[in-house]
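Peer 1: pasting the sequence and the predicted coordinates here, then a few questions.
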Amino acid sequence: MASAISERVELARLCTSRDWSKAIRVLDSLLSKSCAIQDICNRAFCYSQLELHKHVIKDCDKALQLDPTVLQAYILKGRAFSSLGRKEEAILVWEKGHEHALHQSADLKQLLELEELLTLAKKERSIGCDNHEIESELSMLVSESGLPISENSSETFEDHRNLSDPSKLCSESRDESEVHSKSGDNFELCNGIKDEARGKEGFGSQMNGNHNIHEKSNFEFKSSNGSSDTCNKLPIVCSSSSDLSQKSRKLSNKTETPRNEINDETKRNKKFCVTRISKAKSISVDFRLSRGIAEVNEGKYAHAISIFDQILKEDPNYPEALIGRGTAYAFQRELESAISDFTKAIESNQSACEAWKRRGQARAALGLFVEAIEDLSKALEFEPNSADILHERGIVNFKFKDFYAAVEDLSACVKLDKDNTSAFTFLGLALSSIGEYKRAEEAHLKSIQLDRNFVEAWGHLTQFYQDMANPIKALECLQEVLQIDGRFSKAYHLRGLLLHGMGEHRKAIKDLSTELSIESANIECLYLRASCYHAIGEYKEAVKDYDAALDLELDSMEKFVLQCLAFYQKEIALYTASKINSEFCWFDIDDDLDPLFKEYWCKRLHPKNVCEKVYRQPPLRESLKKGKLRKQDFAVTKQKTLLLQAADSIGRKIQYDCPGFLPNRRQHRMAGLAAIEIAQKVSKAWRSMQAEWKHSNKSTMKHGKRARRRERINMPSQNRGGAGCSTSSLSETSASYGTMEDKSSCNSIMSWQNVYSLAVKWRQISEPCDPVVWINKLSEEFNAGFGSHTPMVLGQAKVVRYFPNFERTLEVAKTVMKDQSYVCNKADNIIDLSRDGKVQDITHAKSCSDLYRIVGEDFWLATCCNSTAFEGKRLEGTRITLMKMGEHGYDFAIRTPCTPARWDQFDTEMTTAWEAVCNAYCGENYGSTDFNVLENVRDAILRMTYYWYNFMPLSRGSAAVGFIVMLGLLLAANMEFTGNIPKGLQVDWEAILNFDPNSFSDSIKSWLDPSLKVTTSWKDYPDVASTFSTTGSVVAALSTYND
């Protein structure tokens, strides 16, 4: 009790000497012991003397939450709103307080004060802002009752000790300023730049494979609530005190400048707060502190630092000055110095909530997320209901990829601060990352509802719709952005990225060029535009952009990776340019490019070794001497038109109707042309085989049995294999073209490799920036087991394309673990699961964490494929891997290592499957148009497709290549697929998660067979290889559309 009395005596002394900062510290101490409403109001009053209006509002809200009838809180809160220029809100607060005063009539003096405030405010509103005398009168009415610290205060302290639930308010300590939410701006940072911190954000590809979100580059002390009314006025430092004497009135009238319109108020206030103080001969520490704060508000960081330096010379441990200087350092990006000052402030005052919060922000800006979260959590101990700190920690958790924690923090934030647009948009991003797509969309839309001009929120919603494969809504969002700000460069980048993903490369170039006119040194944009030019055959422009990307000075590893890719893509562009007028059969990336180059390209490695060891492509001028894209390549003929129309119709059938898979017209056309060419080439081969069968059948008739042709003319394949990555998206898909007029001779008999090579070449040329190569054509990596990696869960993120397969993959993994009773660790050592009831535990596992807890370390297991070539044998299918990522995350993925031994096994399997397809169609069934008769052909085609998807011998693109070949083979057998792949189904995963080819066939036939139409109309199509005979004509076909 004696301690409390002594503190109140000290409080009275400090207020008498106008030492508001130290008075606030005493009040902090009193409030940490017990909440008294009067003490909360007292602290609000002290804040008002320092012009920290946002803190005034926060304390008044706390007081009113405890007792809605406290008139002093209404007076102070309204005054704070008025000082911030939020006149209408001030009137509403005062009206509410006046209503309470009328009903209780407890304090007639405060009732009269409220009436006078309301009268003057309404008068000012009615006649405009020309009369500064009204402003002066209004400024006088700052709770003339002063700061109650007498015995009444102690009595109030005792009276409110037993309130029902004061605990949630008691632990809140003062903030020197407020950060990054509508609840407050640091040092009242309302500098007139709306959402500056938020506006520096970028957009990219998600962390989860959906799109990437660039980190904020600025130190986030500015408001990000998007509400213009919070940033329309700087604080008027020292414009009032508790002593509202005539002297104060005269000083106010002398120094304030009449204003003609509201928009000039900020300028007037800036001038006022600096000029008035500078003329004073004797300035207290608090007033110098306020001046430093004002300088920070105006962006005069160096001058602010000099002011804080003077204060710290007199008192090196002054917490408020340390926090102020740290903030100025932070804005100057001197983050280490900022952290040092915040640390000293904490050492001086462990309960300095603001110092903990700001140090957390500074550490987050340096990427020290763990330390940042610790600091912000400490700040929340002092202010557990601070929407501002919850917002900050939510954003840091999001950047730290702790999405569940981010959702928890940001959800709590928006409950406390329902108008925080930034919190809603980050909540949308976090929810999207954990697969809560409906709630994510609602959060994004809420952010926009609060502020229709919040361009970053529109951008995030654009990415959301792109991830959901809804390009129409995504484009509508971007149109809204550009109506708000036609010079918003990120909108053009996002639209360019979206159009590129839809196969609209020419349109994408226009948007990307507009972005580069605004932001010329953007490597992401340069690289993307180069890839678009590359794809449509404008190699001179492509090389120019690749070179520009290579010349940029970069500041991050992500950008450096793009620079490495620019090197490889430039080489590919030069190679393609050199083949532009050659027959397309001579376009052969797999044989012509050095294996080391392809390996480094696929793995995105530094090209230093490639430069030293690999032959470089000739310069562009030499390539272009050999020929450019010719006009006749783009000339429209009847044959081309017929073929392209048919290709577009057939190619659309490869589209997956799943989140993450954008419809891509360029890939659809590629797929259709590839399928038609496969049908034409295979049909020709089958005619030769049928002729040989007839001849063989005649010669062996006397033996009662025909001889099956076993010997194949197997040319040395430029390419071996099948489909490397079972998870390549169909929005990325492309087949690759190969006029199989083979280099050596035109073989009438094809191997399975020849069939799939047709699709692979189409895939390679359609999107040249995708490294689609045969894995056995890489360097030593083939022997080491180079393979794909396709995650369903990455950390806490649910990968939008592949997470729909999670539950089924988890069940497959559990089945294999129980059947085998073992898994393998990262060193390929066996981990026994047969003991300690682990098999039973596996049965009940529901999540990655359950399985990991059972095994106890990173592990993998392999699915199996029942062999057709070797009776009773099982092949190793796909590996399912589970690895720990961070404290709460996992990498749950499928991987496929392609080693020489595994390659040989699947090569044999594919050879057998291809022979089965040929034998099913040739012979007595040849040329049949009877659907039932062709059932064996369908089964054989699906069986080969099954092994293809489990083989995965490409670096990427196998999903598209596999389905394109299937369409082509069905067409060659007079069956055209006229339906669509069912919603939510991914054909490659259907194969991977089935252990038997017959099971796969049955599941596919359930929707495939009803959509197959028996037809021979495809035979009337012009020949693809002769209609588009050169590389240039193929590029033109993929790049030219009527619209």
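Peer 2: It's in. Numbers count the residues shown, from 1 in each chain.
Peer 1: low-confidence ranges in the protein?
Peer 2: Where the chain drops to pLDDT under 70, the residues are 1-2, 105-108, 111, 125-283, 623-634, 697-748, 780-786.
Peer 1: scan it for its longest strand.
Peer 2: If you go by DSSP state E, the chain has its longest strand at strand 874-885.
Peer 1: so which elements touch the next helix or strand after that strand?
Peer 2: On the C-terminal side of strand 874-885, the closest following helix or strand by DSSP states H and E is strand 889-897. Using 3 or more C-beta pairs under 8 Å, 6 or more residues apart in numbering; DSSP states H and E, the elements in contact with strand 889-897 are strand 787-795, helix 806-820, helix 848-855, strand 874-885. To be clear about C-beta, it is placed using only N, CA and C from the backbone, and glycine gets the same treatment.
Peer 1: buried set for the second one?
Peer 2: What that stands for is helix 806-820. Going by neighbour count (16 or more other C-beta atoms under 10 Å), the buried part of helix 806-820 is 806, 809-810, 812-814, 816-817.
Peer 1: one more: the shortest one?
Peer 2: The neighbour-count check on helix 848-855 (16+ other C-beta under 10 Å) flags 848, 851-852, 854-855 as buried.
Peer 1: in JSON lines: the buried residues of helix 806-820, plus distance to residue 997.
Peer 2: What follows is those, written out as JSON lines (distance: C-beta to C-beta, whole Å):
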{"residue": "806", "distance to residue 997": "24"}
{"residue": "809", "distance to residue 997": "19"}
{"residue": "810", "distance to residue 997": "23"}
{"residue": "812", "distance to residue 997": "16"}
{"residue": "813", "distance to residue 997": "21"}
{"residue": "814", "distance to residue 997": "22"}
{"residue": "816", "distance to residue 997": "18"}
{"residue": "817", "distance to residue 997": "23"}
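Peer 1: one step back: quick one: contacts of the longest strand of the chain?
Peer 2: Defining contact as C-beta atoms under 8 Å, 6 or more residues apart in numbering, one finds that strand 874-885 is touched by 726, 794-795, 809, 812-813, 816, 826, 848, 851-852, 855, 858-867, 890-897, 902, 905-906, 909, 950, 952, 992, 995.
Peer 1: and the angle from it to helix 848-855?
Peer 2: Taking axes from the mean of the first three to the mean of the last three C-alpha atoms, to 10 degrees, strand 874-885 and helix 848-855 form an angle of 100 degrees between their directions.
Peer 1: adjacent strands (with direction) for strand 874-885?
Peer 2: Paired neighbours of strand 874-885 in the sheet (DSSP bridges): strand 859-866 (antiparallel), strand 889-897 (antiparallel).
Peer 1: turn those into TSV, columns for distance to residue 572.
Peer 2: Listed next are those as TSV, based on distance: least, C-beta to C-beta, whole Å:
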stretch	distance to residue 572
strand 859-866	33
strand 889-897	25
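Peer 1: so which of the ones you listed comes closest to residue 410?
Peer 2: strand 889-897 (18.5 Å; C-beta to C-beta).
Peer 1: tell me the helix or strand right after the closest one.
Peer 2: Toward the C-terminus from strand 889-897 - assigned by DSSP H and E - lies helix 900-921.
Peer 1: counting contacts, what elements does the next helix or strand after that next one pack onto?
Peer 2: Per DSSP H and E, the first helix or strand lying C-terminal to helix 900-921 is helix 935-951. With contacts defined as 3+ C-beta pairs under 8 Å, 6+ apart, helix 935-951 has these neighbours: strand 859-866, strand 874-885, helix 900-921, helix 958-972, helix 987-992, helix 997-1008.
Peer 1: which strand or helix spans the nearest residue in space to residue 308 that is not next to it in sequence?
Peer 2: Once flanking residues are discounted, residue 308 sits nearest to residue 325: 3.8 Å by C-beta to C-beta, 6 or more residues apart in numbering. Under the criterion of DSSP H and E, residue 325 resides in helix 319-331.
Peer 1: now do the buried residues in the helix or strand just after that helix.
Peer 2: For helix 319-331, the following helix or strand on the C-terminal side (DSSP H and E) is helix 335-348. Within helix 335-348, the residues that count as buried by 16+ other C-beta under 10 Å are 335, 337-346, 348.
Peer 1: isn't residue 1005 up against residue 938?
Peer 2: Yes - using C-beta atoms under 8 Å, residue 1005 is in contact with residue 938, at 7.0 Å.
Peer 1: doesn't residue 467 make contact with residue 474?
Peer 2: No - using C-beta under 8 Å, residue 474 makes no contact with residue 467, being 9.1 Å away.
Peer 1: contacts only, for residue 405.
Peer 2: Residues near residue 405 by C-beta under 8 Å, 6+ apart: 394, 397.
Peer 1: backbone phi and psi for it, please?
Peer 2: Main-chain dihedrals, residue 405, degrees, to the nearest 10: phi -70, psi -40.
Peer 1: that one and residue 794: what is the separation?
Peer 2: Noted for residue 405: a distance of 17 Å to residue 794, by C-beta to C-beta, to the nearest Å.
Peer 1: quick one on the thing from earlier: need the helices and strands packed on strand 889-897 in a markdown table with distance to residue 581, can you?
Peer 2: Below are these laid out as a markdown table (distance: least, C-beta to C-beta, whole Å):
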| stretch | distance to residue 581 |
| --- | --- |
| strand 787-795 | 35 |
| helix 806-820 | 47 |
| helix 848-855 | 53 |
| strand 874-885 | 42 |
